[in-house]
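Enquirer: got a sequence here, can you model it:
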Amino acid sequence: MSADAPTEYQVAIIGSGPIGLTLANLLGQFGVRALIVEQNVTTVQEPRAVSIDDESLRTMQAAGVVDDVLKLIVPGYGSHYYSPTGLCFAKVEPTGRPYGYPRRNAFRQPVLEQQLKHALARFSHVNALYGWRLDSYEQTDRVTLHLTGPMRENRTIGCDFLVGCDGAASTVREQLRIQLEGTTFDERWLILDLENNENATKHTEVFCDKRRPCITLPGPGRTRRFEFKLLPGEKDEDLLNNATVERLLRAHGADTRSAVRRKVVYRFHARVAPRWSSGCVFLAGDAAHLTPPFAGQGMNSGVRDAHNLAWKLAAVLRRRAGPGLLDTYESERKDHIWQMIRLALRMGKVMSPRTWLSGFITQTAFLALTIWPPARDYVAQMKYKPPPRFHAGFLVPDAKSVRKTLVGRLIPQPTVTTQDGRGVLLDEALGQGFVLLARTAHPLRDFGKLTQPIWDRLGAARVAVLPAGAQTRAVQGVVLVHEIDRALADALIAYQNCALLLRPDHYVAATIPFADPDGAAKAVEALLARTWTEKPGLRTRVNKSPPSPHGEEPRSGVSNHEACAKTPPFMTEPAAWPGAELGST
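Expert: Residues are numbered from 1 along each chain as shown. Prediction:
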């Protein structure tokens, strides 16, 4: 770190794993001045996480790196479950792409981290320190970090917000004196990562055998992972020796010519921090929660954290919302974390039956489900996976039931056609800020009703999805795209004659009936006003007064807020948004 390098940032991130790097790239996209600090001299070099889902790929799209990521994954793999006799009793092979990407994809964590690290070079306002350790920090009117460098040099860094993405043994969480709550299971698994492996199937194979449960997962570039459960009485060294490793791999179809890149024994956890923040310090990823591996949702849950937190930090730093917005981070994310943990534990019971009888009953039940198509599709299409959904947070509930409402849900991402005939995923038209989205054949008429000041205060873009066959002239200030299929039409079936207010993470914040846009606008104004009501003593770094509706806004009191290299997309006029060129005039 050079002597003239900046020492003041809006956000400092501790930990350069996939969560910290995703957060840094998202903050870079939003124009936030950020620093990422990693005690190791480079990103991870050994395989760790191996599965990235469609929601995470959509976040990579928001971070501007998805094209590079897609080049080095195995897209759209499934899972085949086998009984002790070798009978395949269940197949999970999802074909849908509700969020624009295959539901399950194999990747290599070292590759992803390198891609995310290299992508930071796009941002002059985002810096990285590798080989630097966080020794301590304190909160007064700001957060002050004390770092030690690779040559044992010391450096003090100031920031408005600190985010701990530093893993299960988080230094940030430890200094907050927050301990994870939950269970560490007395169950050990041997992990073997293979290279130069040829395998006949690209799918995961799960051997649900009480004698030795095993799972084998695909990877890009002729890589494959094998996981074997240790049995009672076995020691770690019993399974780590080369002869045992060779025997286990040979018995489960591994290529005998492959090389073992990594072998390790681990215990799995189902633990969550009781608090995810204190003042202006936040926790994300494994620093906040640990998920059993059976559903492949550990890293993916952390990526959801990063996207949820990134846009809220940016909005608060630019004073588009009050600091109370940040209180919705934990309330929105924690419930879904526990849903993912429960899903993983249920899947673990299928993979690792406790008794022969329980295994037989479970496997027979899955075979019976194949007789009834809806039940078969429930398994095959991964409909058992809890969809991303918020029951409370930064949203305005509507009058529809929990099952039918779109409020608090992630909007689908179909492919649409721009005015100049290009096919793009919907998010390319939406941009990265707040959006008023409507499926309408009459954008001039309908968006002409959305003139309430709150939409401009949010910097909300206008995007119209035109039904198939609809023709219209360009509309000033409205991005026009044409639907290709009925994916969005089916999702909006209960919201005809309405616009949706989408948040920057593309969750639905509110619905705006064209028959009563003023009432909806008042509800959103009240929601935004509540973010300026904060608990005493919390987040005092950000000016607690809402921006003035007239004239120059009061200064925030944080000296480096003005140092941001660019204005975030959702804090500018709609025409300045990324994607606005897709059909706006």
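
Enquirer: and residue 257, what's its pLDDT?
Expert: Looking at residue 257, its pLDDT reads 87.

Enquirer: list the contacts for it?
Expert: 196, 198 (CB atoms under 8 Å, 6 or more residues apart in numbering). Yep, even glycine has a C-beta here, placed from its N, CA and C like the rest.

Enquirer: and it, how far from residue 153?
Expert: If you measure residue 257 against residue 153 using CB to CB, to the nearest Å, the figure is 48 Å.

Enquirer: cool, and residue 177?
Expert: 28 Å.

Enquirer: so the two - more neighbours on which side?
Expert: Neighbours around residue 177 and residue 153, counted as other CB atoms under 10 Å, are more numerous at residue 153. The numbers are 10 against 7.

Enquirer: so what's residue 408 closest to, chain neighbours aside?
Expert: residue 390 (3.8 Å; CB to CB, 6 or more residues apart in numbering).

Enquirer: buried set for the longest helix along the chain?
Expert: For the chain, the helix that runs over the most residues, judged by DSSP state H, is helix 327-351. For helix 327-351, the neighbour count (16 or more other CB atoms under 10 Å) marks 327-330, 332-334, 336-337, 339-341, 343-345, 347-348, 350-351 as buried.

Enquirer: could you do stretch 119-136 as well?
Expert: For stretch 119-136, by 16+ other CB under 10 Å, it's 119, 120, 123, 125, 126, 127, 128, 129, 130, 132, 133, 134.

Enquirer: correct me, but the fourth one touches residue 29?
Expert: What it means is residue 125. No: taking CB atoms under 8 Å as the definition, residue 125 is not a contact partner of residue 29, at 10.9 Å.

Enquirer: just the helices from the stretch 251-400 of the chain, written as ranges.
Expert: 298-317, 327-351, 356-369, 373-380 (DSSP state H, counting those that start in this stretch).

Enquirer: chain center to whichever helix or strand comes after the last one: distance?
Expert: Under the assignment DSSP states H and E, the closest C-terminal helix or strand after helix 373-380 is strand 415-418. For strand 415-418, the distance from its own C-alpha centre to the chain's C-alpha centre is 24 Å (CA atoms, centre = their mean, to the nearest Å).

Enquirer: tell me who's in contact with the residue nearest the centre of the chain.
Expert: In the chain, the centroid-proximal residue (CA atoms, centre = their mean) is residue 304; its distance is 2.3 Å. Contacts for residue 304 (CB under 8 Å, 6+ apart) come out as 55, 56, 59, 333, 336, 388.

Enquirer: please pull out the lowest mean pLDDT helix or strand from the protein.
Expert: Across the helices and strands of the chain, mean pLDDT, DSSP states H and E gives its lowest value to helix 373-380, namely a mean of 84.

Enquirer: roughly how far apart are the closest residue to residue 263 other than its chain neighbours and residue 226?
Expert: Nearest in space to residue 263, with sequence neighbours left out and distances taken as CB to CB, 6+ apart, is residue 192 at 5.1 Å. Plainly put, residue 192 is 4 Å away from residue 226 if you go by CB to CB.

Enquirer: same check, this time on residue 145
Expert: 41 Å.

Enquirer: next one: residue 296
Expert: Residue 296 is 15 Å from residue 226, by CB to CB.

Enquirer: on that earlier part again, want to throw the contacts of residue 304 into CSV with pLDDT?
Expert: As requested, these are exported to CSV (pLDDT from 0 to 100):
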residue, pLDDT
55, 96
56, 97
59, 98
333, 95
336, 90
388, 83
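
Enquirer: and the end-to-end length of stretch 32-46?
Expert: 31 Å (CA to CA, to the nearest Å).

Enquirer: coming back round to it: let me know how buried the residue nearest to residue 408 is, in neighbour terms.
Expert: 22.

Enquirer: low-confidence ranges, the protein, go.
Expert: Where the chain drops to pLDDT under 70, the residues are 1-4, 200, 534-585.

Enquirer: is the residue sitting furthest away from the middle of it in a helix, a strand, or coil?
Expert: Distance from the C-alpha centroid of the chain, by CA atoms, centre = their mean, peaks at residue 243 (40.0 Å). Taken by DSSP: H, G, I helix; E, B strand; the rest coil, the conformation at residue 243 corresponds to helix.

Enquirer: if I look at it, how far off is residue 249?
Expert: 11 Å.

Enquirer: in its sheet, what does the host helix or strand of residue 138 sit against?
Expert: For residue 138, the host element (DSSP H and E) is strand 133-139. Sheet partners assigned to strand 133-139 using DSSP bridges are listed as strand 143-148 (antiparallel).

Enquirer: for the following helix or strand past the partner strand, C-alpha coordinates in PDB please.
Expert: The helix or strand immediately downstream of strand 143-148 is strand 154-164, counting by DSSP H and E. Extracted in PDB, the C-alpha atoms of strand 154-164 (Å, rounded to 0.1, in the frame of the first residue of the first chain):
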ATOM      1  CA  ASN A 154       0.700  -0.500  10.400                       C
ATOM      2  CA  ARG A 155      -2.100   1.500   8.800                       C
ATOM      3  CA  THR A 156      -5.200   3.100  10.100                       C
ATOM      4  CA  ILE A 157      -8.300   3.200   7.800                       C
ATOM      5  CA  GLY A 158     -11.500   5.200   8.300                       C
ATOM      6  CA  CYS A 159     -14.900   4.200   6.800                       C
ATOM      7  CA  ASP A 160     -18.500   4.900   7.200                       C
ATOM      8  CA  PHE A 161     -19.500   1.200   7.200                       C
ATOM      9  CA  LEU A 162     -17.600  -2.000   7.800                       C
ATOM     10  CA  VAL A 163     -18.800  -5.400   6.500                       C
ATOM     11  CA  GLY A 164     -17.300  -8.600   7.800                       C
END
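
Enquirer: what strands line up against strand 154-164, and which way round?
Expert: Short version: by DSSP bridges, strand 154-164 pairs with strand 8-14 (parallel), strand 143-148 (antiparallel), strand 281-283 (parallel).

Enquirer: any buried residues in that strand, and which?
Expert: 155, 157, 158, 159, 160, 161, 162, 163, 164.
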